[in-house]
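Chemist: No sequence on hand, only this structure:
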């Protein structure tokens, strides 16, 4: 099945929301590196291979877009887009996709 660009973009957004939601209620994120390692383990344990592939693709996409408005994915997130980008990059490295 061939996906349109809009379908791919929606899939990325949904996958990024999935990983960002895990830190929605984390107010002190000074050690994103350790947090990313912990979250990577939980994500691997909680999701099937297909979902993990979508998450990996979304993280790969995110690591090349530092200026994307990541805060817009979950507007109530207490962190800036720059901090969320940093977290996504560290999570991507922890998951071995970047």
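Modeler: Great, that's in hand. Keep in mind that what you see is a predicted model, and the values were worked out from it rather than measured.
Chemist: what comes into contact with stretch 40-56?
Modeler: 11, 14, 15, 18, 19, 22, 91, 92, 94, 95, 97 (C-beta atoms under 8 Å, 6 or more residues apart in numbering). Every residue, glycine included, has its C-beta placed from N, CA and C.
Chemist: measure residue 67 to residue 47 for me?
Modeler: Separation of residue 67 from residue 47 (C-beta to C-beta, to the nearest Å): 28 Å.
Chemist: Who has more neighbours out of the two?
Modeler: Per other C-beta atoms under 10 Å, whichever of residue 67 and residue 47 has more neighbours is residue 47, with 16 against 8.
Chemist: gap between that one and residue 4?
Modeler: Note on residue 47: its distance to residue 4, by C-beta to C-beta, is 24 Å.
Chemist: With residue 59 instead?
Modeler: Distance from residue 59 to residue 4, by C-beta to C-beta: 22 Å.
Chemist: Pick out whichever of those two has more residues nearby.
Modeler: residue 59 (24 against 8).
Chemist: Count the residues that sit near residue 62.
Modeler: Per other C-beta under 10 Å, the neighbour tally for residue 62 reads 26.
Chemist: ok, the residue nearest to it when sequence neighbours are not counted - contacts?
Modeler: Once flanking residues are discounted, residue 62 sits nearest to residue 88: 4.6 Å by C-beta to C-beta, 6 or more residues apart in numbering. Residue 88 makes contacts with 16, 19, 20, 59, 62, 63, 70, as judged by C-beta under 8 Å, 6+ apart.
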